[in-house]
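**Student:** compute the structure for the input listed below.
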Amino acid sequence: MNQWLRWAGKTSRGENGIVTSLTPSQEGHPVDRLSELLGQAVQFVYTCWDRIVLSGYIERLQRPENLIYFFQDVVGIPCIEPTVLEQRTNAYKAWVRRVTEEHGIPVLAAPRGARKEELVEPYYRRLKGAEGVACVLTSMEQGRTFVSYVPRWKVPSGDADYRFIKACRKQFLHYYWYVLDPVMGPMSVRVASYFPFNVTCYLNGHSFVAQELQRDGVRFRQADNAFLAVSDAAALQSAADRLSASVLQRRCDYWVRRAVPVFSPDEREALRPGYRYSMAQMELATDVVFKRSAPLRALFQRACELGVLVGGANRTTHLFGRHINRHYHGKLQTVLDQRDAGHPVLRWYYKTSFAKQYVRGDQHSDRILRTETCSNDTYHFGVGRHLENLPLLRQKLATTNERCLDEQAELLASAVDTGQLAALAEPTLTGQRRIPGLKLHDDRVIRLLETLLHPGGFVRDWTSRELHTRVVARHRLTDHDYRLSQLRYDLSKLRAKGLVARIGKTRRYCLTPIGVKLGVLLVKLRTRLLGPLASLIRQPKPNATPRRSNPVDAAYREVDTALDHLSAALGLQCAA
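**Tutor:** The predicted structure is shown next:
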């Protein structure tokens, strides 16, 4: 159990029976300071599948030799010409037109650039909660199919029916069947109109949980794909855990049989077991629901600043639990997206998969801290793509979510209350040698820590010469301005305080975990707070207010005014 989630199921309920608080457990595991702080502001926590994308395919129709066997031995067509494949496509399109007209199902062309979910939402309301097809969207997209052509070389043995069959990707028509399922809720099935009629199923785990809670009689409040309140937090997590591979298999098969009736009974018998499903994109979300939005906004703002500052390859590989070697290809970085939109998203990339953390809620307030891991390729987590591997993938993604929360909790833990910050300023005795402490006004030490903690800095370890080169280049210094001997003296200060450690008997060094935490705190105090405040104190305030101002300047002037009021209240007079 990580630091964020170490509270038990003791809840207090309001008049309407909805969970309003979740207090830390007084039994079992000890509760640290950070968990106690969060426990007073958190309603409940749950982990649930979010977006689920499954690729469906008939296993016995995926290779050219499978296609040849199907048409020649099962269907009885000796020559697989392009018209044979085209007849299958035309038959399916004719069936779609007939079924949609008989049942009054709207068929729409998906507009370019529009979100399909928003377009079909009015058509779901016409079903009034009953099972059925809301509408069908058509879209021209890339898909996998087969082509048949006569080879350029001489046909073997003079066989006039010989054709070359090859798998390829082409752009052709796809049908999106938007349905309301009694188990999964709203879902969609994309069907390729070209042979071998591969399908893609789009589902959402939150919709499944909502259906389960309604059947169990548990009251809840939902905003899109998130739960804001629930009368029984344990029932919510239990419902999320019931979404298994067998449930997904049954519901996908149920609608695929109704959306792809293009095979005769004899053909279906030859193609058994029919469609199989692989995990194309899977998202597992861990939601921490707060009672109020104000503490969450402040918490996440600081988490973004610290998360980007100390991000990097070493931390990202720890979150995903994977090793990096010379064969690695893909992204490996920490980024902060959507800075200008007012809703930042902190992302950790690993190849094409990623973990992200952001704040969400309803139209009135943002009260949910969501940590979500998205798998675009299950092999990135050492898991196979077949749907049978869903439990193992869930374990891997849940572990990544917990590591993300643990990393943020470690960085957000304050070091001031324990006296660690004050102890840094005290000198340290190493044998007969007295090493001075760390001071916030020491430009060289702060500059050194800022270089070490920068995302573009060293990944794991360094030598003093490597670090000297990086500091000089980053701050545009010369060797005369900052000598190698001065850097080694500053490193001795950091080693004496346990912020930097030597690796074995080598001449390489690395930051310690406490060095990361206290180093971030020192750099932020100096560059974001104490530096500007000191400048305001040294410089007298002008009599006239400047014409142009910004929120940062105004905030610092308010702090300066508050310091003046405090000095006057204590009877302290500043010299003129």
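**Student:** flag the shaky bits of the stretch 201-350 of the chain, pLDDT-wise.
**Tutor:** Applying pLDDT under 70 to the stretch 201-350 of the chain picks out residues 302-319, 321-342.
**Student:** neighbours around residue 471, how many?
**Tutor:** Residue 471 has 20 neighbours, counted by other C-beta atoms under 10 Å. Where C-beta positions appear, they are placed from N, C-alpha and C, glycine not excepted.
**Student:** and it, how far from residue 449?
**Tutor:** Counting by C-beta to C-beta, to the nearest Å, the gap from residue 471 to residue 449 is 10 Å.
**Student:** same deal with residue 62?
**Tutor:** Residue 62 sits 56 Å away from residue 449, going by C-beta to C-beta.
**Student:** the more surrounded of these two?
**Tutor:** residue 449 (26 against 16).
**Student:** just give the closest residue to that one, not the sequence neighbours.
**Tutor:** residue 519 (4.6 Å; C-beta to C-beta, 6 or more residues apart in numbering).
**Student:** now do the SS call for the one you found.
**Tutor:** helix (DSSP: H, G, I helix; E, B strand; the rest coil).
**Student:** residues touching it, list them.
**Tutor:** 449, 452, 453, 499, 511 (C-beta atoms under 8 Å, 6 or more residues apart in numbering).
**Student:** for the residues you listed, which one is nearest residue 215?
**Tutor:** Here the nearest of these to residue 215, counting by C-beta to C-beta, is residue 453; it sits at 50.7 Å.
**Student:** and that closest one, how many neighbours does it have?
**Tutor:** For residue 453, the count of nearby residues is 22 (other C-beta under 10 Å).
**Student:** remind me which helix or strand residue 212 belongs to.
**Tutor:** helix 205-216 (DSSP states H and E).
**Student:** who does the helix or strand following that helix pair up with?
**Tutor:** Per DSSP H and E, the first helix or strand lying C-terminal to helix 205-216 is strand 220-222. With DSSP bridges as the test, strand 220-222 is paired with strand 227-230 (antiparallel).
**Student:** okay, now residue 452: neighbour count?
**Tutor:** 24.
**Student:** with residue 56 instead?
**Tutor:** A total of 24 residues lie near residue 56 under the criterion other C-beta under 10 Å.
**Student:** before we move on, what SS does it have?
**Tutor:** Assignment for residue 56 (three-state DSSP): strand.
**Student:** if I look at it, how far off is residue 436?
**Tutor:** Taken as C-beta to C-beta, the span from residue 56 to residue 436 is 68 Å.
**Student:** contacting residues around the closest residue to residue 170 other than its chain neighbours?
**Tutor:** Leaving aside its sequence neighbours, residue 170 sits nearest to residue 145 (C-beta to C-beta, 6+ apart; 5.7 Å). Residue 145 sits next to 85, 167, 168, 169, 170, 172, 192, 194, 195, 196 when contact means C-beta under 8 Å, 6+ apart.
**Student:** can I assume residue 44 is in contact with residue 235?
**Tutor:** No - checked against C-beta atoms under 8 Å, the pair residue 44 and residue 235 is beyond contact range at 10.9 Å.
**Student:** hang on, the earlier thing: pull out the buried positions in the helix holding residue 212.
**Tutor:** The neighbour-count check on helix 205-216 (16 or more other C-beta atoms under 10 Å) flags 205, 206, 207, 208, 209, 210, 211, 212, 213 as buried.
**Student:** show me what contacts the second one?
**Tutor:** Residues in contact with residue 206 (C-beta under 8 Å, 6+ apart) are 48, 49, 50, 222, 225, 226, 227.
**Student:** so which of these is the closest to residue 350?
**Tutor:** residue 50 (18.3 Å).
**Student:** C-alpha coordinates for the host helix or strand of that closest one, PDB please?
**Tutor:** Assessed by DSSP H and E, residue 50 sits inside strand 42-58. C-alpha atoms of strand 42-58 as PDB (Å, rounded to 0.1, in the frame of the first residue of the first chain):
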ATOM      1  CA  VAL A  42     -10.200  12.600   0.600                       C
ATOM      2  CA  GLN A  43     -13.600  10.900   0.200                       C
ATOM      3  CA  PHE A  44     -12.600   7.600  -1.400                       C
ATOM      4  CA  VAL A  45     -10.200   6.000  -3.800                       C
ATOM      5  CA  TYR A  46     -10.800   3.400  -6.500                       C
ATOM      6  CA  THR A  47      -9.000   1.800  -9.400                       C
ATOM      7  CA  CYS A  48     -11.000   1.000 -12.600                       C
ATOM      8  CA  TRP A  49     -10.500   0.200 -16.300                       C
ATOM      9  CA  ASP A  50     -11.200   3.300 -18.300                       C
ATOM     10  CA  ARG A  51     -10.800   3.200 -22.100                       C
ATOM     11  CA  ILE A  52     -10.700  -0.300 -23.600                       C
ATOM     12  CA  VAL A  53     -10.000  -1.000 -27.300                       C
ATOM     13  CA  LEU A  54     -10.000  -4.600 -28.500                       C
ATOM     14  CA  SER A  55      -9.000  -5.800 -31.900                       C
ATOM     15  CA  GLY A  56     -11.100  -8.700 -33.200                       C
ATOM     16  CA  TYR A  57     -10.000 -11.000 -35.900                       C
ATOM     17  CA  ILE A  58     -10.800 -14.500 -37.300                       C
END
